[in-house]
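Participant: test case, fold it:
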Amino acid sequence: MDTKRKAIGIDFGGTTIKSAVVEDGRLIQHGDVIETTEHHGAPALIEEILGVIAALRITHPEVAALGVGLPGFIDSLNGIVHELTNVPGWDEVPLRRILQERTGLPTIIENDAKAMAYGEFKYGAAKGCRFVLCITLGTGVGGALVLDGRLYRGAQLAAGELGHASIDYRGTPGLYKNPGDLEMFVGNHRIAARASQLYKVAGRNVPVEECTPYDLEKAARNGDPVAKQMWENVGLELGCALVNMIWLLNPDAIVIGGGVAKAGDLLFGPIQRTIRERTLPLFNQNLRVVPAALGNEAGIIGNATLALEAAEVRK
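Facilitator: The predicted model follows:
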């Protein structure tokens, strides 16, 4: 057995922090799940993470590297967390240095969407492709790029934020004041609010709480015309955002993950139709638009893989 192929991957979410020992893209042991909201501030959560790492290393002492993916603005080059999305108390935290000093393991930190994209590129839905766009659809819209086989981070290490790109220059400003940003259309809370309004126009009172993507998928599959229309709208809007990226980047795969993507053909049908209608066959004929294959494990696998590759480079 090659003892240099095991790493610990950690996926830090706003609700939970999940971890596992990974070997060649396979999870071989999960760590205990940490409830993010039960620990206030960076020091407390870091101690919990260190405890999980220590427990995993008892049964897998040959672990060779550590990779952590976090939601927000992450300086992967210098190992600093500038700011975490929806998790207070994480401003300018030198997380890589702390973890590396405490564990003795070569350590990387990365934005969670980029880690998910790399996992799908190496072992999931985009395996074998070289130019890949990944997006994650949930409360927000995350994105990441793999260009010519390499994770692309951009000049300030923040590339891929498709959720804040505009599809309506006169639209409602989003979180960072860009009018008509994609999250204002297809973030799951916005989908619910818009669907509730559509029901109202149709003469039905359906509260926002009953218009989650899960509810809308179930309703659409049962023939509900409002729910069907909502998925058509979301697919068109996502398709328009992706069309811009296709003209710009000419990818060979687009991987879509996150809770909203679980709608399957209800979402992918209008996305693919929009792409065909608005780009040339040169761009769309061989383009794969596919759901993420690794599910909730993509981030863990991506982080572990990035950590192992970084450790090899440092040798």
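Participant: first to last residue in stretch 248-265, what's the distance?
Facilitator: Chord length of stretch 248-265, first to last residue, is 26 Å (Cα to Cα, to the nearest Å).
Participant: whoops, I mixed them up, stretch 290-305
Facilitator: End-to-end distance of stretch 290-305: 22 Å, with Cα to Cα as the criterion.
Participant: what's the mean pLDDT across that stretch?
Facilitator: Stretch 290-305 comes out with an average pLDDT of 94.
Participant: before we move on, what about stretch 45-59?
Facilitator: Per-residue scores along stretch 45-59 average to 97.
Participant: before we move on, what SS does the residue sitting furthest away from the middle of the chain have?
Facilitator: The centre of the chain is farthest from one residue, Gly203, which by Cα atoms, centre = their mean lies 36.3 Å away. Following DSSP: H, G, I helix; E, B strand; the rest coil, we place Gly203 in the coil state.
Participant: distance check, it against Pro225.
Facilitator: Distance, Gly203 to Pro225, by Cβ to Cβ, to the nearest Å: 12 Å. Glycine gets a C-beta too; all of them are placed from N, C-alpha and C.
Participant: now do the strands in this protein.
Facilitator: For the chain, the strands defined by DSSP state E cover 6-12, 16-23, 26-30, 34-35, 66-70, 72-75, 80-84, 107-111, 132-137, 141-147, 150-152, 253-257, 288-291.
Participant: can I get the ones you listed in TSV including mean neighbour count?
Facilitator: Shown next, in TSV, are the strands of the chain (neighbours: other Cβ atoms under 10 Å):
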stretch	mean neighbour count
strand 6-12	27
strand 16-23	22
strand 26-30	14
strand 34-35	15
strand 66-70	30
strand 72-75	20
strand 80-84	19
strand 107-111	27
strand 132-137	27
strand 141-147	24
strand 150-152	16
strand 253-257	25
strand 288-291	17
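Participant: out of those, flag the one nearest Gly174.
Facilitator: Gly174 lies closest to strand 141-147 among the strands of the chain, at 9.9 Å (Cβ to Cβ).
Participant: could you give me the average pLDDT of that closest one?
Facilitator: Averaged across strand 141-147, the pLDDT comes to 94.
Participant: need the CA coordinates for that strand. CSV is fine.
Facilitator: Output of strand 141-147 as CSV, limited to C-alpha atoms (Å, rounded to 0.1, in the frame of the first residue of the first chain):
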residue,chain,number,x,y,z
VAL,A,141,-24.7,30.3,-6.0
GLY,A,142,-21.0,29.3,-5.9
GLY,A,143,-18.8,28.7,-8.9
ALA,A,144,-15.3,27.5,-9.8
LEU,A,145,-13.2,26.9,-12.9
VAL,A,146,-10.8,24.3,-14.1
LEU,A,147,-8.9,25.6,-17.1
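Participant: between it and strand 132-137, how big is the angle?
Facilitator: 170 degrees (axes from the mean of the first three to the mean of the last three Cα atoms, to 10 degrees).
Participant: gap between Cys129 and Arg150?
Facilitator: In terms of Cβ to Cβ, Cys129 sits 13 Å off from Arg150.
Participant: the residue nearest to Asp181 when sequence neighbours are not counted: what's it in contact with?
Facilitator: Residue nearest to Asp181 in three dimensions, not counting chain neighbours: Gly174, with 3.4 Å by Cβ to Cβ, 6 or more residues apart in numbering. With contact set as Cβ atoms under 8 Å, 6 or more residues apart in numbering, Gly174 has these partners: His164, Gly180, Asp181, Leu182, Glu183, Met184.
Participant: tell me the one among those residues nearest to Ala311.
Facilitator: Ranked by distance to Ala311 (Cβ to Cβ), these are led by His164 at 32.5 Å.
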